[in-house]
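Peer 1: For reference, the sequence and a predicted model appear below.
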Amino acid sequence: MAEIKIITTDEIKTDEYLVNMGPQHPSTHGVLRLLVKLEGEIVHNVEPHVGYIHSGIEKMTEALSYPQIIHLTDRMDYLSAHMNNEAVCLCIENALQVEVPERVKYIRTIFDELQRLASHQLWWCASGMDLGALTAFFYGLRDREDILDIFEETCGARLTLNYSVPGGVMFDIHPNFQSKVKAFIKKFRKTLPEYDKLLTGNIIFQNRTKGVGVLSKEDAIAFGVTGPTGRASGFSCDVRKHHPYSAYPYIKFDEKLGTDGDSFMRWKLRMDEMWESLNIIEQLIDNIPEGDIAVKMKGVIKLPEGEFYQRVETGRGEFGVYIVSDGKKNPYRVKFRSPGFSNLFTINHIAKNWKIADLVAIMATFDLVIPDIDR
Amino acid sequence: MTNEQLIEKLSSAYPDAVVKQGNQYPEITVAHDKMHAFMQYLKSDSTMAFDYLVCESGVDYPAFIQVVYHLESTTHQHFLVVKANTENRETAVLDTVSDIWPTAEFHEDEIFDLLGITFTNHPHLRRLFLDETWGFPLRKDFHDDIHVVER
């Protein structure tokens, strides 16, 4: 009888090969190409290739006036459109030393948080879908619709809001705004636990995310990973807390911090942030002060000579606007520090030696928006 | 450290460098050949401890190209803007800081792609967004007859 030989995995060698993940892969959420070096199923190297939808926004801004620039910023991270608009407005207002009315600060902050909720809802449903749970997609979009309706009623747009203008907001809030927001909060407080029931507590889901793709706190800081992704690793980087703007100095809220830095923690942290956003809106919605919705600005806005930097917290992390002005009506140079850009390039660091299916889980919990990276 | 203390400390430690209070943050301009050593000092010195590179951007000026580093310390919560100019626009070369802050590797790829600054000792300098047929679009003398309409 022939001897049975036990073959260990060490003896089976496959050659490394390259696989293009994207640019049209559903889990890349847009046109991102990852060049993945694989041995069998094990990821050895990931090289992100970006630029498929690079639109040269930074170059375009050099030919546009300041109010026109605002309309370009919500095309970058379209899920955090209002925060991006607000960042440019705040930068212009700080440069001109304009103090906006209290009412504007409250309205902007409520919009920030509604936008953050809408962003996290879409992230939640899309990443559920990435991991094979299609039902999540319908739950998330169902609730997101309520927020977009509120946006539409006040400013006419659902996705690219363009609601902030230098010195204030474009229109006053709709008479129904407060009651609709309160009704939404009441409803969403009931439906948000469904999210946990559907996915967070699911054992299959937990096995796919717990311990997968760990990012340490030191690496998060070194790679400049901000937002919920960075905070899941314990990096305290919430701009709302550390450099408060608009109405954030007036309210009490917790900066949620994680410890593990794995995919599950990143997931959990965004779920916690949704609860926190609801708390923030509740503190503000009944206290919107009466007053003007904008201060009078000059027809042609010219920034004084110099350099101005403004940071805000978007749904994805720290968004920065760096304006170099030479005193003319167009900026000399504008740089947008987008959170997705810094976050994406850690992927090689943390996806190494995980299976290719785990790479999808890691990408899902990184919440990438590709125009934000390409700009 | 407050902004004043930071300015005082830096101007006594580096008398050659130009330190001033900008619109929001302290700003320091360092010579291109001393930049890397200065950055290492900012990262490793315990009173400075600038461990978080927030933003790295390039700006094209008529005589040189400038790279602007926005740095923050997560332990001391202070913020500093460091500027380094290339020698001139033709030989736009600077040392990389990607060995100090890994995130700089990709910001430098972007600056190389759009402004044409070559970073020495960079592990893998490549064009990030555009292909080889493009020039350097964020330079002020860039002309694109196809996509840009001059009025």
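Peer 2: Alright, I've got the coordinates.
Peer 1: how near is residue A:281 to residue A:115?
Peer 2: According to CB to CB, to the nearest Å, residue A:281 and residue A:115 sit 11 Å apart. Yep, even glycine has a C-beta here, placed from its N, CA and C like the rest.
Peer 1: hey, which helix or strand in chain B has the poorest pLDDT?
Peer 2: helix B:3-13 (a mean of 79; mean pLDDT, DSSP states H and E).
Peer 1: low pLDDT regions in the chain?
Peer 2: Just so you know, I chose chain A. A:1-2, A:7, A:9-12, A:27 (pLDDT under 70).
Peer 1: think we crossed wires, I meant chain B
Peer 2: Looking at chain B by pLDDT under 70, you get B:147-151.
Peer 1: pretty sure residue B:65 contacts residue B:87?
Peer 2: No. Counting by CB atoms under 8 Å, residue B:65 does not reach residue B:87; the two are 9.7 Å apart.
Peer 1: Between these two, tell me which one has more neighbours.
Peer 2: residue B:65 (24 against 15; other CB atoms under 10 Å in any protein chain shown).
Peer 1: Tell me who's in contact with the more buried one.
Peer 2: Applying CB atoms under 8 Å, 6 or more residues apart in numbering or on different chains to residue B:65 gives the contacts B:58, B:59, B:85, B:86, B:89, B:92, B:115, B:116, B:117, B:139.
Peer 1: Recalculate using a threshold of 6 Å.
Peer 2: B:86, B:92, B:115, B:117 (CB atoms under 6 Å, 6 or more residues apart in numbering or on different chains).
Peer 1: how long is stretch A:155-173 from one end to the other?
Peer 2: 8 Å (CA to CA, to the nearest Å).
Peer 1: what does it contact?
Peer 2: A:71, A:74, A:78, A:81-82, A:85-86, A:89, A:92, A:98, A:100, A:104, A:107, A:148, A:151-152, A:154, A:293-295, A:297.
Peer 1: Report the buried residues of that stretch.
Peer 2: Of the residues in stretch A:155-173, A:155, A:158, A:160-169, A:173 count as buried by neighbour count, 16 or more other CB atoms under 10 Å in any protein chain shown.
Peer 1: circling back to that earlier point, touching the least confident helix or strand of chain B from outside, list them.
Peer 2: Under the criterion CB under 6 Å, 6+ apart, residues B:19, B:26, B:28, B:78 lie in contact with helix B:3-13.
Peer 1: Inside helices: which ones of those residues?
Peer 2: Within these, no residue falls in helices by DSSP state H.
Peer 1: ok, so of those residues, who is nearest chain A?
Peer 2: Set against chain A, the nearest of those by CB to the nearest CB is residue B:78 (11.5 Å).
Peer 1: Got the phi and psi for the closest one?
Peer 2: phi -100, psi 160 (degrees, to the nearest 10).
Peer 1: what about the nearest residue to it once chain neighbours are set aside, how many neighbours?
Peer 2: Nearest residue to residue B:78 in three dimensions, chain neighbours excluded: residue B:1, at 5.0 Å (CB to CB, 6 or more residues apart in numbering or on different chains). Neighbour count of residue B:1, defined by other CB under 10 Å: 18.
Peer 1: where does residue B:1 sit relative to residue B:45, distance-wise?
Peer 2: 11 Å.
Peer 1: Surely residue A:320 is within a helix?
Peer 2: No. Secondary structure of residue A:320, determined by DSSP: H, G, I helix; E, B strand; the rest coil: strand, with no helix assignment.
Peer 1: what's the closest non-adjacent residue to residue A:318?
Peer 2: residue A:226 (4.1 Å).
Peer 1: ok, how many other residues are close to that neighbour?
Peer 2: So residue A:226, with other CB under 10 Å, has 28 neighbours.
Peer 1: and it, what does it touch?
Peer 2: Contacts for residue A:226 (CB under 6 Å, 6+ apart) come out as A:237, A:317, A:318, A:339.
Peer 1: Check these for burial and list the buried ones.
Peer 2: Buried among the contacts of residue A:226 (16+ other CB under 10 Å): A:237, A:317, A:318, A:339.
Peer 1: rewinding a little: just the buried ones from the contacts of stretch A:155-173, in PyMOL syntax?
Peer 2: Remark: buried members of the contacts of stretch A:155-173, expressed as a PyMOL selection using 16+ other CB under 10 Å:
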select buried, chain A and resi 74+81+82+85+86+89+92+98+100+104+107+148+151+154+293+294+297
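Peer 1: can you give me the offset of the helix or strand that contains residue A:283 from its chain's centre?
Peer 2: Counting by DSSP states H and E, the element that carries residue A:283 is helix A:263-285. Distance, stretch centre to chain centre, for helix A:263-285: 13 Å (CA atoms, centre = their mean, to the nearest Å).
Peer 1: Report the buried residues of that helix.
Peer 2: Of all the residues in helix A:263-285, those buried under the rule 16+ other CB under 10 Å are A:263-274, A:276-278, A:280-281, A:283-285.
Peer 1: ok, now stretch A:136-143?
Peer 2: Within stretch A:136-143, the residues that count as buried by 16+ other CB under 10 Å are A:136, A:137, A:139, A:140, A:143.
Peer 1: Return the residues of chain B in contact with chain A.
Peer 2: Neighbours of chain A within chain B, by CB under 6 Å from any CB of the partner chain: B:23, B:51-53, B:55, B:57, B:59, B:74, B:102-103, B:106, B:129, B:137-138.
Peer 1: and the residues you listed, which of them are in strands?
Peer 2: B:52, B:53, B:55, B:57, B:59 (DSSP state E).
Peer 1: Give me the neighbour count for the first one.
Peer 2: Per other CB under 10 Å, the neighbour tally for residue B:52 reads 25.
Peer 1: What is the burial count for residue A:241?
Peer 2: That count, for residue A:241 with other CB under 10 Å as the rule, works out to 13.
Peer 1: picking that back up, quick check on the contacts of helix B:3-13: which are buried?
Peer 2: Here, 16+ other CB under 10 Å leaves B:19, B:26, B:28, B:78 buried among those.
Peer 1: out of the residues you listed, which one sits closest to residue A:346?
Peer 2: Proximity of these to residue A:346 (CB to CB) peaks at residue B:78, which lies at 24.8 Å.
Peer 1: if I look at that closest one, how far off is residue A:267?
Peer 2: Taken as CB to CB, the span from residue B:78 to residue A:267 is 33 Å.
Peer 1: Please apply the same query to residue A:30.
Peer 2: From residue A:30 over to residue A:267 (counting by CB to CB), the distance is 20 Å.
Peer 1: Could I get the full set of strands for the chain?
Peer 2: In the absence of a named chain, this looks at chain A. Under DSSP E, chain A gives strands at A:17-21, A:33-39, A:42-49, A:164-165, A:168-169, A:306-313, A:318-325, A:333-337.
Peer 1: could you do chain B instead?
Peer 2: Remark: strands assigned in chain B by DSSP E are B:18-21, B:26-30, B:52-60, B:65-72, B:79-85, B:93-95, B:118-120.
Peer 1: then the fourth one to CSV, C-alphas only?
Peer 2: This means strand B:65-72. What follows is strand B:65-72, C-alpha atoms only, in CSV (Å, rounded to 0.1, in the frame of the first residue of the first chain):
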residue,chain,number,x,y,z
ILE,B,65,8.2,76.9,-6.0
GLN,B,66,7.2,76.7,-2.3
VAL,B,67,6.2,73.6,-0.4
VAL,B,68,4.0,74.4,2.6
TYR,B,69,3.8,71.9,5.5
HIS,B,70,1.0,72.3,8.0
LEU,B,71,2.0,70.5,11.2
GLU,B,72,0.2,69.7,14.4
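Peer 1: Go ahead and measure how far that strand is from the middle of the chain.
Peer 2: 3 Å.
Peer 1: and that strand with strand B:79-85, angle?
Peer 2: For strand B:65-72 and strand B:79-85, the angle between their directions (axes from the mean of the first three to the mean of the last three CA atoms, to 10 degrees) works out to 160 degrees.
Peer 1: picking up where we left off before, so which of the contacts of residue B:65 belong to helices?
Peer 2: residue B:115.
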